[in-house]
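Visitor: with the input below, show me the fold.
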Amino acid sequence: MDDDILTIEEVAKYLRVSERTVYDWAQKGEIPAGKIGTVWRFKKSEIERWVNERLSSNKATSSLHPVRMRNVLSPDRVVFLDYPRKRDALVALAERLGAAPQIKSKQELVSEILRREDLMSTAIGRNIAIPHVRLSSVTDLVVAVGISKCDILDFNAFDDAPVRLLFMIAAAYNQHAYYLQTLSYFSAKLKSNELRAGIMAAGDPAAAYELLIAQDAD
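Guide: Now for the predicted structure:
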């Protein structure tokens, strides 16, 4: 741990977790990381700061109310997309999310979503990507959902699956714990093959929205 730039193996040893856990966190954007070529690398100072934030927010996280889809998603923010390249899909979905009243700068949202994606892919496998940012120009956490009618092949998901579902999250900069909780919520819910298939087969955005808010009852 003497080097400033760390490998997955070194981070796993430092955090006393498996290398697979660190890899999953990096893929989901839950831990500060970047790619050099195709290899994950981590800055020691950022990992130490991340650990301190997690330790200090554990109590706050446990006291948060459960994530409810209807509180963060509205019917107008569930859209069909038809772009074979991820940049075009991300811009279209960010522009839709940017119309939410909680977003004070659509331009900043679009540029930061793209910058975040350039840093590392937000594809998490199973045809899913979860692009996400925290910004000072966002007043409260909001979500937009994009259902792609075509395969998006250039997300470079670790399982090589094309992306068909995009769940875009924008949060206020001071919502770190709730932001992580929401990321975990989506990652857990979307493990359901039935839910993913149902969303992709929805005849219109309204039907997909109803499927999503039905998850609040679980």
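Visitor: residue closest to the middle of this structure?
Guide: Closest residue to the average C-alpha location of the chain: Ile130 at 3.1 Å, with C-alpha atoms, centre = their mean.
Visitor: quick one, grab the pLDDT at it.
Guide: At Ile130, the model reports a pLDDT of 93.
Visitor: just Asp88 next, same as before
Guide: 97.
Visitor: and it, what element?
Guide: helix 86-97 (DSSP states H and E).
Visitor: which strands and helices sit next to that helix?
Guide: strand 78-81, helix 106-119, strand 142-152, strand 163-172 (3 or more C-beta pairs under 8 Å, 6 or more residues apart in numbering; DSSP states H and E). Any C-beta I mention is one placed from the backbone N, CA and C, and that applies to glycine too.
Visitor: can you say which of these is packed in most?
Guide: strand 163-172 (a mean of 24; mean count of other C-beta atoms under 10 Å).
Visitor: distance to Glu95 and mean pLDDT added to the helices and strands packed on helix 86-97, as TSV?
Guide: What follows is the helices and strands packed on helix 86-97, written out as TSV (distance: least, C-beta to C-beta, whole Å; pLDDT from 0 to 100):
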stretch	distance to Glu95	mean pLDDT
strand 78-81	10	97
helix 106-119	6	93
strand 142-152	9	97
strand 163-172	11	95
